[in-house]
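Asks: Predicted model, plus sequence, below.
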Amino acid sequence: MPAIQRWFGFVVIIAALHMTEQLFVGLDELYMIRRVLAVYYRQFTNPDFATVLLVTIVVVFVLTLVYAVLLGGRPMRWAMGFFAFVSITELHHLIESVAQHRYVPGLITGVLWAAIGVMLARAIVQQSRESKAVAIRA
């Protein structure tokens, strides 16, 4: 199995474990998301319109990522790069824990998720370099 697919598989697993950790030890992140969504909803007079717009944006974005993966090559690497970036940003749990001098829910799996994200990013860069080398030889 190619490295990108293997590391992305680990991203899927750790994402589920991360959510499970937060469900069992605390929903701190949910409260932050609610605050962000409250700001978003204040921009609209019709909350139903705001919800449909947000869902549309998310669905189209996810479908675009899936399509990029199906295309393979550079589009696939860009899509996987997005997931690597999101994975690495899970280090925010470590930063928050250090800043608050306490365990922040999601810390354990967040650090592991970020490490997996770094490995996914490395695999993407490696495959990109290999693709360029093949193109140069051709």
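Replies: Here it is on my side, so go on.

Asks: pLDDT on the lengthiest helix in the chain, on average?
Replies: When the chain is parsed with DSSP state H, its longest helix is helix 107-137. Mean pLDDT, helix 107-137: 93.

Asks: what do you get for stretch 53-65?
Replies: For stretch 53-65, the per-residue pLDDT averages 98.

Asks: Now do the phi/psi pair for Gly26.
Replies: phi 160, psi 140 (degrees, to the nearest 10).

Asks: All the helices of this protein, in order from the start?
Replies: 3-25, 28-41, 47-71, 73-88, 92-100, 107-137.

Asks: okay if I get those as a markdown table plus mean neighbour count?
Replies: All C-beta atoms are positioned from the backbone trio N, CA, C, and that covers glycine. Converted to a markdown table, the helices of the chain look like this (neighbours: other Cβ atoms under 10 Å):
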| stretch | mean neighbour count |
| --- | --- |
| helix 3-25 | 16 |
| helix 28-41 | 11 |
| helix 47-71 | 12 |
| helix 73-88 | 18 |
| helix 92-100 | 15 |
| helix 107-137 | 16 |
